[in-house]
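> okay, here's the prediction I keep looking at, along with the sequence it came from:
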Amino acid sequence: DNGIIHTLDQPIYLTRIKGKNLCRLDRDGKTRTIPIDPTVYRFKLALTKRNYDEVLQIIRNSNLVGQAIIWWSKLVQEALRQGNQQIVGMCYQRAKNFDRLSFYLATGNTDKLSKMLKIAESRGDAMSRFYNSLYL
């Protein structure tokens, strides 16, 4: 994964990331520590290393946004491969991919399908209401 974090007037060189701190070196040879939010990179690293316990912990305790949606789909693929319905459902919910949550039909989870029907009604989504009504 790559991208622009922040544009700078002077180039800096990253020397270390530890916890919530990023250490850097500037052109003058001065070191400085900058506080950061490590949630997204920790999520991506845990997913890449297939450390699903940490992935699940990060999902439950944080609010991932933006490009993390791409990583939700990678996590869903792996969770589907492993048959982990809990993570599949959680990822589809976080990515707001409500149509995919119809997998609850295959698992026989009518309680979740009922919730999906209510969500479709609140969103004014006629097709989702129709499909969820059929499933129930």
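Thanks, I have the structure now.

> tell me where the protein has helices.
With DSSP state H as the criterion, the chain has helices at 39-48, 52-61, 68-82, 85-94, 104-107, 110-123, 126-135.

> closest to residue 22 out of these?
For the helices of the chain, proximity to residue 22 was assessed by C-beta to C-beta; helix 39-48 is nearest, at 10.3 Å. In short, each C-beta sits where N, CA and C put it, glycine included.

> what about that closest one, average pLDDT?
Averaged across helix 39-48, the pLDDT comes to 82.

> what does stretch 78-91 give?
Rounded mean pLDDT across stretch 78-91 is 84.

> off-centre distance for that stretch?
With C-alpha atoms, centre = their mean, to the nearest Å as the basis, stretch 78-91 stands 13 Å off its chain's centre.

> buried set for it?
Buried residues in stretch 78-91, counted by 16 or more other C-beta atoms under 10 Å: 78-79, 84-85, 87-91.

> what is the end-to-end distance of it?
For stretch 78-91, the first-to-last residue distance is 11 Å (C-alpha to C-alpha, to the nearest Å).

> who's in contact with it?
Stretch 78-91 is contacted from outside by 47, 50, 52, 55-56, 59, 72-73, 75-76, 101, 103-104, 107, 109, 112, using C-beta atoms under 8 Å, 6 or more residues apart in numbering.

> of those residues, select the buried ones using a PyMOL command.
Filtering those down to the buried ones (16+ other C-beta under 10 Å) takes a single PyMOL command:
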select buried, resi 47+52+55+56+59+72+75+76+101+104+109+112
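
> pLDDT weak spots in this structure?
Across the chain, the ranges flagged by pLDDT under 70 are 1-6, 64-69.

> residue with max distance from the center of it?
residue 28 (38.2 Å; C-alpha atoms, centre = their mean).

> hang on, the earlier thing: and the helices of the chain as CSV, adding distance to residue 15?
Below are these laid out as CSV (distance: least, C-beta to C-beta, whole Å):
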stretch, distance to residue 15
helix 39-48, 16
helix 52-61, 25
helix 68-82, 26
helix 85-94, 33
helix 104-107, 48
helix 110-123, 47
helix 126-135, 50
